[in-house]
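Participant: coords please:
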Amino acid sequence: MNNRNLWLLTLSQAFGFSLATVNVFLSGIIGSRLISIKALSTLPPALFIIGTASCAIFASYIMSKFGRKLGFVSASIGSSLSALLAAYSISIESFTLFCISCLLMGMGLAFVHQYRFAASESVEKEKIPKAVSMILLGGILSALIGPNIANLTKDLFFDKLYVGSYLSLAFLVLLPAVLLTFLKSMNESESDRSFQGRSYMELILQPRFLQAITATAFAYAIMAFLMTATPISMHVNEKFNLDETKSVIQWHIVAMFLPSLITGKLIQRLGHSMIMYFGITFFAICIFLSYFFDQTFMNYAIALAFLGFGWNFLFVSGTSLLVISYRSEEKYKAQAYNDFTVFSAQGMAALSAGLFLNMTSWQAINLMCLPFLAIIALTIWRADRMET
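Facilitator: Below you'll find the predicted structure:
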């Protein structure tokens with residue numbers, strides 16, 4: 001699509017989403033190095049996600065009051081400063097300060113997640129699925145750029161492992177501040193930049209709105225639960241080396257975004273509900289592989305790839321369904337509620353991942369995801385039935 005805003009947002013996604021790719025890759029491992037209580041080793045990545053959830057409504061409110069451009073540029077600068085704080089906390093071996101920096105970086109990611117809404121507002125209604133898919137394609141570059149640069153620079157200071165990783169992250173996440181200064185302002189009326197419209201309860205009672213938010217929230221929760229546990233399971237428990245662990249996480253993130261090449265077109269052809277059912281199937285394959293097969297490098301890689309495919313189908317279809325399920329004057333209110341719900345579910349899942357992994361096993365935590373797949377399926381079925 002020949003749309004300047006869309007291309008700027010996609011490039012910004014490639015750099016800004018490095019907040020997520022680097023922290024997923026390293027924050028749990030760094031946490032395990034900085035604290036002896038292994039059950040708390042996933043607290044930094046969990047706080048990262050909690051930061052995103054806690055800032056979702058604030059990010060949407062800032063956009064409604066001051067516009068997308070100012071919100072995005074300011075958040076990019078703040079994220080860069082937070083990454084510098086993380087580098088400093090690692091250098092002084094402060095687990096508490098590292099947790100604080102992860103929380104702040106997560107808050108910055110709440111603004112990055114708004115890129116997809118800005119993209120949907122930059123195109124015609126029928127092109128929204130493709131626009132959302134294009135933004136997520138920027139995540140492929142992020143999956144390649146972020147972890148690789150973090151890995152290459154981890155020994156930048158020979159006596160301070162991983163300090164260089166977060167210094168390089170500070171540079172990466174500052175780039176969107178430059179790119180998005182060229183973002184064209186959205187044509188919005190005063191009513192469009194408000195928190196007006198129906199109450200949250202009235203929105204939830206809309207079957208399609210509930211379908212969209214349920215699919216997106218549980219998709220993120222399942223993905224975060226298993227992805228957060230993967231580096232600990234692989235590197236700490238199963239003794240795979242850091243390069244092998246990085247490869248699995250990296251290709252999982254590629255699998256999260258690569259289907260975006262076709263997801264938008266598939267939604268237009270098959271509909272939102274059918275694509276969501278495909279997403280549920282991919283998640284089920286991930287669980288099947290993890291439960292019935294040995295924990296080899298190849299099995300981790302294949303299972304995590306299907307985890308990424310499932311997330312993509314549910315997230316893209318959920319987001320594109322969401323933006324057509326509310327009125328124009330409700331968009332900031334609905335988007336804020338959606339992201340708060342989605343990332344709260346993700347935060348709780350990530351926070352519990354280390355605890356449940358230590359209490360049980362890799363196979364067991366995969367089985368725990370099955371009831372949530374059933375809830376998504378039932379919500380889709382209910383919405384389809386009520387519409388007919």
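
Participant: quick one: low-confidence parts of the stretch 51-200 of the chain?
Facilitator: Scanning the stretch 51-200 of the chain for pLDDT under 70 picks out 186-196.

Participant: Show me where it has its helices.
Facilitator: 68-91, 95-112, 115-120, 128-152, 163-172, 175-179, 200-204 (DSSP state H, counting those that start in this stretch).

Participant: Send me the last one as CSV with only the CA atoms.
Facilitator: It refers to helix 200-204. Extracted C-alpha coordinates of helix 200-204, given in CSV (Å, rounded to 0.1, in the frame of the first residue of the first chain):
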residue,chain,number,x,y,z
TYR,A,200,-17.5,-0.4,29.0
MET,A,201,-20.3,-2.8,30.0
GLU,A,202,-22.3,-1.9,26.9
LEU,A,203,-19.3,-2.5,24.7
ILE,A,204,-18.6,-5.9,26.2
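
Participant: what about the helix or strand that comes right after it, distance to the chain center?
Facilitator: Next along the chain after helix 200-204, taking DSSP states H and E as the criterion, comes helix 207-231. Mean C-alpha position of helix 207-231 versus that of the full chain (CA atoms, centre = their mean, to the nearest Å) differs by 10 Å.

Participant: Nearest approach to Leu289 belongs to which of the helices of the stretch 51-200 of the chain?
Facilitator: Leu289 lies closest to helix 128-152 among the helices of the stretch 51-200 of the chain, at 20.7 Å (CB to CB). The way it works is simple: take the backbone N, C-alpha and C, and place the C-beta from them, glycine included.

Participant: helices or strands up against that closest one?
Facilitator: Here helix 128-152 touches helix 4-16, helix 18-34, helix 115-120, helix 163-172, helix 242-257, helix 260-270, helix 297-322, going by 3 or more CB pairs under 8 Å, 6 or more residues apart in numbering; DSSP states H and E.

Participant: do that again at 10 Å, thanks
Facilitator: Judged by 3 or more CB pairs under 10 Å, 6 or more residues apart in numbering; DSSP states H and E, the packing partners of helix 128-152 are helix 4-16, helix 18-34, helix 95-112, helix 115-120, helix 163-172, helix 242-257, helix 260-270, helix 297-322.

Participant: Go through those helices and name the closest to Val178.
Facilitator: So among the helices and strands packed on helix 128-152, helix 4-16 is nearest, using CB to CB, at 9.3 Å.

Participant: and that closest one, which residues are buried?
Facilitator: 5-16 (16 or more other CB atoms under 10 Å).

Participant: Those residues into a markdown table, with extra columns for pLDDT and distance to Val236?
Facilitator: Formatted as a markdown table, these follow (pLDDT from 0 to 100; distance: CB to CB, whole Å):
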| residue | pLDDT | distance to Val236 |
| --- | --- | --- |
| Asn5 | 89 | 43 |
| Leu6 | 90 | 41 |
| Trp7 | 91 | 40 |
| Leu8 | 94 | 40 |
| Leu9 | 94 | 37 |
| Thr10 | 92 | 35 |
| Leu11 | 94 | 35 |
| Ser12 | 95 | 34 |
| Gln13 | 94 | 31 |
| Ala14 | 93 | 30 |
| Phe15 | 95 | 29 |
| Gly16 | 95 | 29 |
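
Participant: can those go into JSON lines with extra columns for distance to Ala255?
Facilitator: Listed next are the buried residues of helix 4-16 as JSON lines, based on distance: CB to CB, whole Å:
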{"residue": "Asn5", "distance to Ala255": "27"}
{"residue": "Leu6", "distance to Ala255": "23"}
{"residue": "Trp7", "distance to Ala255": "24"}
{"residue": "Leu8", "distance to Ala255": "25"}
{"residue": "Leu9", "distance to Ala255": "22"}
{"residue": "Thr10", "distance to Ala255": "18"}
{"residue": "Leu11", "distance to Ala255": "21"}
{"residue": "Ser12", "distance to Ala255": "22"}
{"residue": "Gln13", "distance to Ala255": "17"}
{"residue": "Ala14", "distance to Ala255": "17"}
{"residue": "Phe15", "distance to Ala255": "20"}
{"residue": "Gly16", "distance to Ala255": "20"}
